[in-house]
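# Provide a 3D model corresponding to the input given below.
(one chain, ligands or ions: 2)
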Amino acid sequence: MSKLRGFEKVTTFKDVNLPVRATKNAAGYDFEAAVDVVIPTIWKQGIGTVLKAALKGDAVLLDEKMVKEVKPVLVSTGIKAYMGEDEFLQLCNRSSNPLKNFLLLGNGVGVIDSDYYDNADNEGHIMFQFINFGLTDKVIKKGERIGQGIFLPFLKADQDVTVGERTGGFGSSGK
Ligand SMILES: O=c1ccn([C@H]2C[C@H](O)[C@@H](COP(=O)(O)OP(=O)(O)OP(=O)(O)O)O2)c(=O)[nH]1
Ligand SMILES: [Mg+2]
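Ligands and ions are numbered 1, 2, ... in the order given. Below you'll find the predicted structure:
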């Protein structure tokens, strides 16, 4: 059988499981976390303190120094994906993640381009980008299912233009 699309382990991640579909008609391949990771709550600094005080009925003024930005956390999967040139892998959240774990994808959906595979920078390592809107830090354990990937075809415009070669991800193609 010729290779059309699929998953492989990133070289440095030997003991991860390749994504599988949970049921016969599931559209998404479920990805697991490759490592233990903590997603800090966005409320950790400042606003959380104010909210807690407000819930108790205490008056607290929010000032700039109390607030610290918390970035989304990239969660390693240890997986790379190959596919046709006119295909991409769409990364989606699990619907149980916001409901049970207060976890959102920072980018809404992730787009894994076919030219990301085996790139010189990180070999095409697929990452999920999580924001924790819960009040406490969330620990994700290695092997926990974190999200899903759906292979899709895409179309090109009549005026199709490309400006360079992919060398990595997350901003590697410029501003
Ligand atoms: O959730 C994501 C989104 C993207 N990627 C990887 C695969 C994708 O091919 C690459 C670039 O993603 P995108 O084009 O969405 O991000 P960008 O900010 O435009 O980065 P670049 O300049 O590298 O294209 O990063 C992930 O691993 N997870
Ligand atoms: Mg891009």
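
# From now on I want contacts and neighbour counts done on CA atoms only, so please keep to that.
Noted.

# Helix or strand: which one has Asp30?
Element membership for Asp30 (DSSP states H and E) is strand 29-32.

# What of Leu155?
Counting by DSSP H and E, Leu155 is part of no helix or strand.

# Need the contact partners of the strand holding Asp30.
Residues outside strand 29-32 that contact it (Cα atoms under 8 Å, 6 or more residues apart in numbering): 16-22, 77, 142-150.

# The same query, at a cut-off of 7 Å, please.
Pro19, Val20, Arg21, Thr77, Gly143, Glu144, Arg145, Ile146, Gly147, Gln148, Gly149, Ile150 (Cα atoms under 7 Å, 6 or more residues apart in numbering).

# cool, stretch 65-84 as well?
By Cα under 7 Å, 6+ apart, the surrounding residues in contact with stretch 65-84 are 4-10, 13, 16, 31-35, 39, 42, 45-47, 106, 114, 117, 124-131.

# Kindly report the same for stretch 94-105.
Counting by Cα under 7 Å, 6+ apart, Asn93, Gln129, Phe130, Ile131, Asn132, Phe133, Gly134, Ile146, Gly147, Gln148 sit against stretch 94-105.

# so Val10 makes contact with His125?
Yes. Applying Cα atoms under 7 Å, one finds Val10 in contact with His125, separated by 6.4 Å.

# Those two: which has the busier surroundings?
Using other Cα atoms under 10 Å as the criterion, Val10 and His125 rank with His125 on top: 24 against 19.
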